[in-house]
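K.L.:
Need the 3D shape of this:
(one chain, ligands or ions: 1)
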Amino acid sequence: MKKKYLLTPGPTPLPPEVMSALSRPIIHHRTAEYGEVFGEVNKGLKYLFQTAEDVFMFASSGTGAMEASVVNLLSPKDKVIAVEAGKFGERWLELCNTFGLDVIPVHVQWGKSVAPSLIEKLLKENPTTKAVFVTLCETSTGVTTDVKAIAAVTAKTNAVVVVDAISGLGAMELKTDEWGVDVVVSGSQKGMMLPPGLGFISLSKKAQKMMETSKLPKYYFNLKAYKKALEKLDTPYTPAIGLTVALKEALKLLQDEGLENVLKRHAVMAEATRQAVKALGLEVFASPSSDTVTAVKLPEGMDGGKLYKTMKNDLGVQAADGQGNLKGKILRFAHLGYMDASDVILGISALEVALWKIGYPVKMGEGVKAAQKVLYQV
Ligand SMILES: *Cc1c(COP(=O)(O)O)cnc(C)c1O
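P.N.:
Here you go, the predicted structure:
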């Protein structure tokens, strides 16, 4: 027997309630039955996104929602600021370039996060800027962005702030309305505890106004069609019915636990992971490190690929390797979605055993002990 454990920052494990909902017979979407599910889901999404505005849903991965934010807000040659502090910030740059925007790229050293004062300075120097693109949790490095401070800066300008919260939502605080965050995009396979296949977007009044004048081409992602349909509790195209039915269950789990407790659970898991890493004499790669994913900086000369494979193949525990030029140099542990204290212990224990197996002088049990201290106050 070979049991497998998934500790990656997307996809994340599925709760039994979600799995059982996914196995139900398909229903038709133009029915009262689906309307009831859709209505519940819309309410739950507003709770999770912490907004009074509508949250729109696409049958796409998270990147589709990122694209939707670009094409619904902007027009060709519009000036935008896009922050790149890792693989997913790079995606903002690529998207903005693809659609012919006048992009001011902000390159941040991977593992670090952008200073809100730099955004403030750039907005002052470029008063025609229409949008600022940032990433709440840069999953490729584990770093978190001070979205609250950046939103406070953009609020004073004509620009909107667009936040990629694909991995951050439901794991880290994001007070959409209260902080004045204009656009939040997310995806289903991370903190939302679902399989991949749903993309989400919420828009502030300021962003909705920008939608009125946007001239970039769009068809499937044209939010005006979704807005019109939503008024009749409908969707313009066939929704991902099965995933939406499961989403209702996932949102119920999040609401029953309470968002505040959900975030606290993630914060404790992340802190335990960071303490364990330090106890093993290793370093956390990112600063400030997110509560979504912890990237462990591997010692110079260590074969990171071998460590990753040993954990996955010998121990059945799948963490995430580094992406891009971080491949083999970091190992990422998610504490995201349907995970709890025991998942952290499992991950750290597997890390210790794998380090020992590849010949690293590890003090066996020290990481687990440090994690237990945080998780259980022992
Ligand atoms: C996973 C992830 C994405 C990509 O989402 P897809 O669902 O793969 O399209 C984008 N941004 C961040 C921060 C992510 O973690």
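
K.L.:
can you tell if stretch 287-299 touches the ligand?
P.N.:
No: using C-beta under 6 Å from any ligand atom, we find that stretch 287-299 stays clear of the ligand, coming within 8.0 Å at best. Any C-beta I mention is one placed from the backbone N, CA and C, and that applies to glycine too.

K.L.:
quick one: buried residues of that stretch?
P.N.:
289-298 (16 or more other C-beta atoms under 10 Å).

K.L.:
sec struct for the spatially most central residue of the chain, please.
P.N.:
Nearest to the geometric centre of the chain sits Ser167, at 1.2 Å (C-alpha atoms, centre = their mean). When states are read from DSSP: H, G, I helix; E, B strand; the rest coil, the local structure at Ser167 comes out as coil.

K.L.:
Tell me who's in contact with it.
P.N.:
Neighbour list for Ser167: 9-10, 136-137, 139, 190-191, 292-293, 336 [criterion: C-beta atoms under 8 Å, 6 or more residues apart in numbering].

K.L.:
Next step: the buried residues of stretch 287-299 restricted to strands.
P.N.:
Here DSSP state E is the test, and the buried residues of stretch 287-299 give 293-297 as lying in strands.

K.L.:
Format the CA atom coordinates belonging to stretch 316-332 as CSV.
P.N.:
Provided in CSV are the C-alpha atoms of stretch 316-332 (Å, rounded to 0.1, in the frame of the first residue of the first chain):
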residue,chain,number,x,y,z
GLY,A,316,4.3,9.6,-0.1
VAL,A,317,4.4,13.2,1.1
GLN,A,318,4.2,15.7,-1.8
ALA,A,319,5.5,19.2,-1.1
ALA,A,320,6.2,21.7,-3.9
ASP,A,321,9.6,22.2,-5.6
GLY,A,322,10.7,25.7,-6.5
GLN,A,323,9.6,27.2,-9.7
GLY,A,324,11.7,29.0,-12.4
ASN,A,325,15.2,29.8,-11.2
LEU,A,326,14.2,28.6,-7.7
LYS,A,327,13.9,25.0,-8.9
GLY,A,328,15.9,22.7,-6.6
LYS,A,329,16.8,25.6,-4.3
ILE,A,330,13.6,25.8,-2.1
LEU,A,331,11.0,23.4,-1.0
ARG,A,332,7.5,24.8,-0.4
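
K.L.:
got the contact list for that stretch?
P.N.:
Contacts for stretch 316-332 (C-beta under 8 Å, 6+ apart): 2-9, 86-87, 90, 110, 139-142, 285, 293-298, 303-305, 307-308, 311-312, 333-334, 346-347, 350-351.

K.L.:
pLDDT (mean, whole number) over that stretch?
P.N.:
For stretch 316-332, mean pLDDT rounds to 96.

K.L.:
next one: stretch 122-135
P.N.:
On average, stretch 122-135 scores 98.

K.L.:
What is the end-to-end distance of that stretch?
P.N.:
End-to-end span of stretch 122-135 (C-alpha to C-alpha, to the nearest Å): 17 Å.

K.L.:
Whether it contacts the ligand - can you check?
P.N.:
Yes: under the criterion of C-beta under 6 Å from any ligand atom, stretch 122-135 makes contact with the ligand via Thr135.

K.L.:
Same check on stretch 140-157?
P.N.:
No: applying C-beta under 6 Å from any ligand atom, one finds stretch 140-157 separated from the ligand by no less than 7.7 Å.

K.L.:
Could you work out the end-to-end span of that stretch for me?
P.N.:
End to end - C-alpha to C-alpha - stretch 140-157 spans 30 Å.

K.L.:
Show me what counts as buried in it.
P.N.:
Within stretch 140-157, judged by 16+ other C-beta under 10 Å, the buried ones are 140-147, 150-151, 153-155, 157.

K.L.:
Residue numbers of the stretch 101-250 of the chain in contact with the ligand?
P.N.:
135, 137, 139, 164, 166-167, 187, 196.

K.L.:
TSV for those residues, including distance to Thr63 and secondary structure?
P.N.:
Below are those laid out as TSV (distance: C-beta to C-beta, whole Å; DSSP: H, G, I helix; E, B strand; the rest coil):
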residue	distance to Thr63	secondary structure
Thr135	13	strand
Cys137	16	strand
Thr139	13	coil
Asp164	9	strand
Ile166	8	coil
Ser167	12	coil
Gly187	8	strand
Pro196	10	coil
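
K.L.:
rewinding a little: closest one to the ligand out of the contacts of Ser167, please.
P.N.:
Closest approach to the ligand among these (C-beta to the nearest ligand atom): Thr139, at 3.3 Å.

K.L.:
Excluding covalently adjacent residues, which one is nearest to the closest one?
P.N.:
Ser167 (4.4 Å; C-beta to C-beta, 6 or more residues apart in numbering).

K.L.:
Am I right that Leu331 is in a strand?
P.N.:
Yes: under three-state DSSP, Leu331 falls within a strand.

K.L.:
circling back: quick check: the two most widely separated of the ones in strands among the buried residues of stretch 287-299?
P.N.:
Val293 and Lys297 (13.5 Å; C-beta to C-beta).
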